[in-house]
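K.L.:
Here is a sequence with its predicted model. Questions after.
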Amino acid sequence: MSLTVKFENGSSVAMAGRACYSETIQYLDDPNDACSILQVGDDAGVIVPEYNAIGLFDGAGGADDIGSPRLAARLACEAVKQYFRLGGGDVSEALQGAREAVSMNKDAGVCVGAVMRITDGKVTVANAGDTAVALYQEGADDEYPYIAEPQRDEFGDPLNYLGSCEAPGRLSERISDDYACRELYPGDRLFLMTDGAWVVEYGSLETYHLAAAMEEWPLFEQVKDLYPNLEKEIRDALRSDKARKLCEREVAASTDNLGRVCEDWVSKGLLDPDQYTLRDTNWLIWREVIKPYLESAHLLPKQKISMTAIAGALLSRPVRWPFEAPPQDDATVAMVEFR
């Protein structure tokens with residue numbers, strides 16, 4: 001499920017989610033109200049278009065014995081929406097209001113989250129915990145795109161949160177909220193993500209992942225939907241002379257000094273094309289085999305890629321190395337294309 005709206009300043013906004021263990025529910029106060037809360041499992045997000053603002057929160061499922069993480073995330077969203085609609089304009093105050101709303105409800109657990117707002121050509125962010133905000137600018141060469149640092153320790157636990165915890169030692173001591181402000185330029189794209197959307201096994205999504213989400217990943221998702229025989233055709237392409245030479249290079253690179261081949265290091269499908277499935281597509285197979293084949297066969301879609309498709313591709317990561325697989329966690333991403 002996803003939400004797509006326009007900010008008051010003309011920027012386009014999309015929010016999408018992937019729920020692991022429960023249904024995705026869209027809460028509507030009014031069917032005609034664009035300021036909806038999208039609940040994705042224990043995640044919840046809200047867009048306040050008339051104030052160019054977004055709130056995104058992630059309930060701490062690992063502490064659900066303290067209270068409902070799902071309720072905590074939804075209460076935080078409702079507080080953010082109310083804060084801006086009552087005339088507030090400061091993201092730090094909005095985040096503090098969300099913290100108070102969660103802490104005052106005896107049934108709510110704890111959550112992490114961030115509030116983002118665009119005014120006067122700048123984005124301001126207040127963040128508590130391991131929610132992340134990334135900025136993609138065309139032509140930028142920075143591998144690390146985050147303007148709001150995820151607050152987590154070396155074990156992946158958040159260092160900040162919203163809500164009260166009466167079980168000492170269950171959660172880390174809070175650190176101060178993170179605050180960031182950056183100037184924006186037309187065409188810049190912002191990604192506000194819960195940890196299920198930005199975490200990879202050995203770190204975090206980098207700039208090249210965001211670039212892939214805006215072109216390569218949605219293209220692959222589209223061709224999978226358009227061509228039901230694609231998997232069989234790719235298997236045939238993996239039997240080509242080019243693919244065999246690619247396999248020889250990978251085998252050579254995966255062979256140790258004693259001549260032993262570590263087959264786990266060789267792209268699945270190169271050694272045995274009959275075993276290939278679309279789920280096994282990594283960057284090497286996509287860029288060296290599949291994409292050239294699709295281009296030569298004129299099978300790549302020509303239509304403009306929607307923001308919803310970009311957000312969805314960021315959640316599914318259809319082309320990836322094994323360590324880039326999405327974690328087993330609820331994941332939500334809000335994307336803004338600045339105008």
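P.N.:
Done, it's in. Residues are numbered from 1 along each chain as shown.
K.L.:
which residues touch the residue lying closest to Val199 once chain neighbours are set aside?
P.N.:
Leaving aside its sequence neighbours, Val199 sits nearest to Pro327 (Cβ to Cβ, 6 or more residues apart in numbering; 5.3 Å). Any C-beta I mention is one placed from the backbone N, CA and C, and that applies to glycine too. Contacts for Pro327 (Cβ atoms under 8 Å, 6 or more residues apart in numbering) come out as 195-196, 199.
K.L.:
Return the member of those residues nearest to Lys232.
P.N.:
Gly196 (32.7 Å; Cβ to Cβ).
K.L.:
can I assume the closest one is in contact with Thr332?
P.N.:
Yes - under the criterion of Cβ atoms under 8 Å, Gly196 makes contact with Thr332 at 7.3 Å.
K.L.:
Where do the helices of the stretch 1-150 of the chain begin and end?
P.N.:
Here the stretch 1-150 of the chain has its helices, by DSSP state H, counting those that start in this stretch, at 69-85, 91-104.
K.L.:
Could you measure from the closest residue to Pro273 other than its chain neighbours over to Leu246?
P.N.:
In space, and not counting its chain neighbours, Pro273 is closest to Leu238: 3.8 Å by Cβ to Cβ, 6+ apart. To Leu246, Leu238 is 9 Å away according to Cβ to Cβ, to the nearest Å.
K.L.:
Can you pick out the residue with more neighbours from these two?
P.N.:
Higher neighbour count among Leu238 and Leu246: Leu238, with 25 against 18, using other Cβ atoms under 10 Å.
K.L.:
Gln303 is nearest to which of the helices of the stretch 1-150 of the chain?
P.N.:
That would be, of the helices of the stretch 1-150 of the chain and by Cβ to Cβ, helix 69-85, which comes in at 32.6 Å.
K.L.:
How about the contacts made by the residue nearest to Ala213 when sequence neighbours are not counted?
P.N.:
Closest residue in space to Ala213, ignoring its immediate chain neighbours: Leu314 at 4.2 Å, by Cβ to Cβ, 6+ apart. Taking Cβ under 8 Å, 6+ apart, we find Leu314 in contact with 191, 193, 197, 205, 209-210, 213, 217, 333, 335.
K.L.:
make it 7 Å
P.N.:
197, 213, 333 (Cβ atoms under 7 Å, 6 or more residues apart in numbering).
K.L.:
Emit the ChimeraX select command for whichever of the residues you listed are buried.
P.N.:
Here is the ChimeraX command that selects the buried residues among these (16 or more other Cβ atoms under 10 Å):
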select :197,213,333
